[in-house]
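Asks: coords below, sequence missing:
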């Protein structure tokens, strides 16, 4: 009988993936007023020293925040996960994000469903990375309605609770899928 450590199939075996959403294309991620603007951002208006300069920009910020929540919900639907190491490129409360990166960690990747086709209509979901890319793209495209805090500089304290609608951004499902990149982070075990 062998001695020492043995791997069990029930043991947690975490896998981490780097998610990158590129939002530099203004046609794909519009900045004009409408339910499709706002990009994807974890930041609300009060995350910045320079707040949105208009109610329209405050609503865009709220939509981007709602889209990020949709992405997180889609990632959680694949299995228990952690989101960490968020890095975002956005100048201030009025500026739409141009790049969002974060790490998603799954403890039980065996539960991720690897069947079907991604929202681009042609990519088979055969790996965890493709399943995650598909979930992120779906979250970006999800239509959502909710009451959110919106910064409006014309109101006394600046914050109001408003009904916000989020629709798919100005791109096709294939284009959305293409703005999302996933890379598995491979850890090296140190033996000493």
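Replies: Okay, I see it. As the structure is a prediction and not an experimental result, all values here were calculated from the model. Numbering: from 1, shown residues only.

Asks: before we move on, which element is the closest residue to residue 53 other than its chain neighbours in?
Replies: When the adjacent residues along the chain are set aside, residue 53 lies closest to residue 94, with 5.1 Å between them (C-beta to C-beta, 6 or more residues apart in numbering). Every C-beta, even on glycine, is put in place using the N, C-alpha and C of the backbone. Assigned by DSSP states H and E, residue 94 falls within no helix or strand.

Asks: Would you mark the buried spots in the helix ranked longest in the chain?
Replies: Secondary structure assigned by DSSP state H gives helix 55-78 as the longest helix of the chain. By neighbour count, and taking 16 or more other C-beta atoms under 10 Å as the criterion, the buried residues in helix 55-78 are 55-72, 74-75, 78.

Asks: which other helices and strands contact it?
Replies: strand 81-89, strand 99-106, helix 128-141, strand 144-151, strand 159-166 (3 or more C-beta pairs under 8 Å, 6 or more residues apart in numbering; DSSP states H and E).

Asks: got the angle between the first one and helix 128-141?
Replies: By that I understand strand 81-89. Inter-element angle recorded for strand 81-89 and helix 128-141: 60 degrees (by axes from the mean of the first three to the mean of the last three C-alpha atoms, to 10 degrees).

Asks: Which parts of strand 81-89 count as buried, going by neighbours?
Replies: Judged by neighbour count using 16+ other C-beta under 10 Å, the buried positions of strand 81-89 are 81, 83, 88.

Asks: Now for the last one: which residues touch it?
Replies: So that's residue 88. Applying C-beta atoms under 8 Å, 6 or more residues apart in numbering to residue 88 gives the contacts 41, 42, 43, 97, 99, 100, 101.

Asks: Burial check on the second one, number of neighbours?
Replies: Other residues within reach of residue 42 by the criterion other C-beta atoms under 10 Å amount to 18.

Asks: how near is the closest residue to residue 22 other than its chain neighbours to residue 143?
Replies: Ranked by C-beta to C-beta, 6+ apart and with sequence neighbours excluded, the top spatial neighbour of residue 22 is residue 179, at 5.2 Å. Here residue 179 is placed at a distance of 18 Å from residue 143 (C-beta to C-beta, to the nearest Å).

Asks: quick one, which of those two is more surrounded?
Replies: Ranked by neighbour count (other C-beta under 10 Å), residue 179 and residue 143 place residue 179 first, with 20 against 10.

Asks: correct me, but the more buried one touches residue 19?
Replies: No: between residue 179 and residue 19 no contact is recorded; they are 11.3 Å apart, counting by C-beta atoms under 8 Å.
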